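J.: Have a look at this fold, sequence not included:
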């Protein structure tokens, strides 16, 4: 990039210009990264909601449907349904054998207790696990498998598959397989449908599901005996319900999750001891199928005249394949294994992130509500204190002051600015510092001063060096002890300067912040900023004034003791927020900074979202720079450390941290409206908005503004929260990557003419 000097020669770009170019080149990636971060958080919330059946949940359970299309041999068959060779076949549990099964786990409270009991009594079981629970508690499933138990699929979200599409059915199965792969390094061929019972309950809607899964190689498992422990009928009734008819084998159902299971935990040891005493043997579903296969082979051998060698199920770990792996289990490899581990890892992140965000948002919400309350109380106190009839800063300040107007390409606005100053009721000299404008700003200023008959105007032209340098040039050139600083796009009321300088009657006051107002408020974006200026800025300044920790004197309207500015080294070029920088420097120098609500300035706010982004990006990044620069104020002693003890924590919490969390409030609200409780979420959001409207209305009352603009507040809150999140993330990334920016010039229209024209 090259530039052209006033003489027309081309010159190499300056260091500042090169830095600006590098910063501009990094703008888009930072914005994209901010958007990706918000998308990632939203995705984590959706994943967590899916795991908890808030997203994609389906509570429908079918009952009473016809079973006319289901084969009789299935309806009247055993509890194990296979489709070997494409033919539906059922398998019954052998006599004096119990296939102990558990549904709905794993659960971090109850499943480990069940496993402990099984290990104590050397009994295996088959656990039909819910994939979402597996992904949340993978360690329990790993222990389950290592102990020699068997696992089967109970879907991922515990839904009735008879209502679901083929794609949803396949997804439920695949996701659970991935969860098992990530948790224990296995997949399984066993399946039990949620809300299923005995085979005679298979109906015309669920039968196609079993057929499809059977074609995919799954074995569907039903029950013969239901302990009905889910009803919590009492220990004795659970044991009685789980006990089969005399001598019959059974597939018995217990639950290790899905509710309070203390009765199950008490009943299980007694049940195992009772059944062992009756001569029963415990096995897994695979053990039952292996015995059936072995029995068939033995029968064939006897028919051929060969000796029978079929293994029994007497071993507690019957059904285990060589190497200790259950026959229904397959070792997960390749993509399945790595995708499973990725799923478990993602769920772990969600399990940690979402509760942390919820706690963080609760803390932020309480802090914001507390801040609103403090703002209202202190703003009321400030207004009553400063508007008492007997209130006075001291003897009236009547001596002339210097008004410094830094200007860079302000051809649209500079004439209006000078015209407003020409009507000042306080004696002033005006110093226009043209910071290398290329649009004839200095010539327009001289011509306007001449036409207005203003002999108190000096126009100083300098090479482009930035706003701080322009202000410092003006301070050095000032003839008076008090200097007023304003932007080149701002207009003052006739009494503004007089009101602004009255606090200097108090010798302890080193700087005064005026009341900046949005002049171009007749557009949506202008109205949003008008609300922000009146509520966010001016209510804040009243509070900070009483707390004696004002963080920023607005560049649009502020006054300083000239000696105090020179004492702290002038306007610093170290940060983008030279107004915040100089204000904190004043505090650290022991000077008092106050807010003068009656000194009003009308400024032209950004007219587009792009310009608004640019301005707020500079403000937020500059504020971070200023806070970091003055971080040692945290340990300053006496009055100079007051800002570090009070002001800096308030600024960090309410201008950096809470705006970062703010978009998540909206995301949580939308999430809750869609997936949890629409009415409760909407009422909560409206309650918060109501509190904000109350604060805004009070701020408008103090500033005597028209309430009609508050109609834009709901939309303003939504738009600003998202934008400020992105701006702050953008600023943080810029700070971390060491990017730098220069004084940025916003496009002006000059529509803010005189204060009288503002409606």
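T.: Looks like it came in fine. The shown structure was predicted, so the numbers you read here are calculated from the model rather than taken from an experiment.

J.: where do the helices sit along the stretch 351-500 of the chain?
T.: 414-422, 441-451, 467-477, 496-501 (DSSP state H, counting those that start in this stretch).

J.: same thing with the stretch 151-300 of the chain?
T.: Using DSSP H, counting those that start in this stretch, helices in the stretch 151-300 of the chain cover 166-184, 207-215, 235-242, 262-277, 285-303.

J.: Please apply the same query to the stretch 551-700 of the chain.
T.: So, for the stretch 551-700 of the chain - with DSSP H, counting those that start in this stretch - the helices run 562-567, 578-588, 609-629, 642, 648-651, 658-675, 678-702.

J.: most tightly surrounded among the ones you listed?
T.: Comparing the helices of the stretch 551-700 of the chain by mean neighbour count (mean count of other C-beta atoms under 10 Å), helix 578-588 ranks first with a mean of 26. Yep, even glycine has a C-beta here, placed from its N, CA and C like the rest.

J.: rewinding a little: so which of the helices of the stretch 151-300 of the chain comes closest to residue 497?
T.: Nearest of these to residue 497, taken as C-beta to C-beta: helix 166-184 at 69.6 Å.

J.: Can you give me the buried ones in that closest one?
T.: By 16 or more other C-beta atoms under 10 Å, the buried positions in helix 166-184 come out as 168-169, 171-184.

J.: elements contacting that helix?
T.: Applying 3 or more C-beta pairs under 8 Å, 6 or more residues apart in numbering; DSSP states H and E, we find helix 166-184 packed against helix 131-136, helix 138-146, strand 150-153, strand 186-188, helix 207-215, helix 334-386.

J.: Residue 124: how many residues sit nearby?
T.: 25 (other C-beta atoms under 10 Å).

J.: Can you give me the distance of it to residue 473?
T.: Distance, residue 124 to residue 473, using C-beta to C-beta, to the nearest Å: 87 Å.

J.: repeat for residue 79
T.: Counting by C-beta to C-beta, the gap from residue 79 to residue 473 is 91 Å.

J.: Now do the contacts for residue 285.
T.: 80, 99, 101, 126, 150, 152, 190, 219, 221, 251, 319, 328 (C-beta atoms under 8 Å, 6 or more residues apart in numbering).

J.: Which residue comes closest to it once chain neighbours are left out?
T.: residue 126 (4.7 Å; C-beta to C-beta, 6 or more residues apart in numbering).

J.: Ok, residue 544 next?
T.: residue 550 (4.4 Å).

J.: SS state for the one you found?
T.: Here residue 550 is coil, with the state taken from DSSP: H, G, I helix; E, B strand; the rest coil.

J.: How about residue 112?
T.: Going by three-state DSSP: residue 112 is helix.

J.: same question, the one 10 residues further on
T.: The assignment at residue 122 comes out as coil when based on three-state DSSP.

J.: what's the burial count for it?
T.: Residue 122 has 13 nearby residues by other C-beta under 10 Å.

J.: just the one 10 residues further on next, same as before
T.: The criterion is other C-beta under 10 Å. On that basis, residue 132 has 22 neighbouring residues.

J.: Can you tell me the centre-most residue of the protein?
T.: Nearest residue to the geometric centre of the chain (C-alpha atoms, centre = their mean): residue 664, 3.6 Å.

J.: so who does that residue touch?
T.: 41, 357, 361 are the contacts of residue 664 under C-beta under 8 Å, 6+ apart.

J.: now the second one: how far from residue 670?
T.: It refers to residue 357. 14 Å.

J.: what do you get for residue 384?
T.: Residue 384 sits 41 Å away from residue 670, taking C-beta to C-beta as the criterion.

J.: Same check on residue 710?
T.: The value you get for residue 710 to residue 670, if C-beta to C-beta is used, is 23 Å.

J.: and the residue lying closest to residue 244 once chain neighbours are set aside, how far is that from residue 274?
T.: Distances taken as C-beta to C-beta, 6+ apart put residue 250 closest to residue 244, at 3.8 Å, once the chain neighbours are dropped. Counting by C-beta to C-beta, the gap from residue 250 to residue 274 is 13 Å.

J.: Sounds good, over and out.
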